[in-house]
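[1] Have a look at this fold, sequence not included:
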C-alpha cells in the first residue's frame, strides 16, 4: 500500500537526554496552496531543534509535511502551525523553523519561528581556532 499524507508526528526516545545536541532537518519540497488564489506555494523548510525526551521520526515528518499539499494557508500561519505541531509532539528544549518561500510576484518571503522550553538556556558557544598546518614549514 502506498504511503498517504498524515497529520500524525511519530516520535522515539532521545538516545542522549543528558546532553544538548542539535538535529538539523531540511525539507526542500514543501508545498501548500495560496488561500487567496489556490495556486501552489513552494518552500524549503529548515528545522533545527534540540530534543528533550523525544525526537521526531523522519518518515512521519515527511508524511506530515506532505499533508499540507492541498491546504490553503498563508506563509506565516502554516509556519507557526508546523512549529506548534512539532512542539506538541516532542516538547523540544529548543526549536527553530525557517521557511524559505519561493518567489511569488517578485517577492521572496522567509518566516522564522522559534520555541524555547521554559527555563532552558543554551550552553555558551565554543569557537575552536582553525590552524593552517601547511604554513609552518621549515626551510
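    Arrived safely, thanks for sending. All values derive from a computational prediction rather than experimental measurement. Numbers count the residues shown, from 1 in each chain.

[2] Can you classify the spatially most central residue of the chain as helix, strand or coil?
    For the chain, the residue nearest the mean C-alpha position is residue 47 (1.6 Å; Cα atoms, centre = their mean). Following DSSP: H, G, I helix; E, B strand; the rest coil, the label given to residue 47 is strand.

[3] Could you pull up the residues touching it?
    Contacts for residue 47 (Cβ atoms under 8 Å, 6 or more residues apart in numbering) come out as 23, 24, 25, 26, 27, 86, 95, 96, 97. Using the backbone N, CA and C atoms, a C-beta is placed for each residue, glycine as well.

[4] Now list the buried members of those.
    For the contacts of residue 47, a burial check counting by 16 or more other Cβ atoms under 10 Å picks out 25, 27, 86, 95, 96, 97.

[5] My guess is the third one contacts residue 92. True?
    Spelled out, that is residue 86. Yes - using Cβ atoms under 8 Å, residue 86 is in contact with residue 92, at 7.4 Å.

[6] which residues touch the longest helix along the chain?
    Ranked by residue count and defined by DSSP state H, the top helix of the chain is helix 75-90. Applying Cβ under 8 Å, 6+ apart, the contact partners of helix 75-90 are 7, 9, 11, 32, 41, 43, 45, 47, 49, 51-56, 64-65, 68, 71, 73, 92, 95, 97, 99, 101, 109, 111, 113-115.

[7] Distance-wise, check the closest residue to residue 32 other than its chain neighbours relative to residue 118.
    Among residues not flanking residue 32 along the chain, residue 68 sits closest, at 4.4 Å (Cβ to Cβ, 6 or more residues apart in numbering). Distance of residue 68 to residue 118, given as Cβ to Cβ, to the nearest Å: 29 Å.

[8] Check the secondary structure at residue 62 for me.
    helix.

[9] Likewise for residue 103?
    Applying three-state DSSP: residue 103 is strand.

[10] Could you tell me how many residues sit around it?
    Other residues within reach of residue 103, judged by other Cβ atoms under 10 Å, total 9.

[11] in this protein, which spans are strands?
    For the chain, the strands defined by DSSP state E cover 11-13, 23-33, 40-50, 54-56, 94-104, 107-116.

[12] I'm done for today, thanks for sticking with me.
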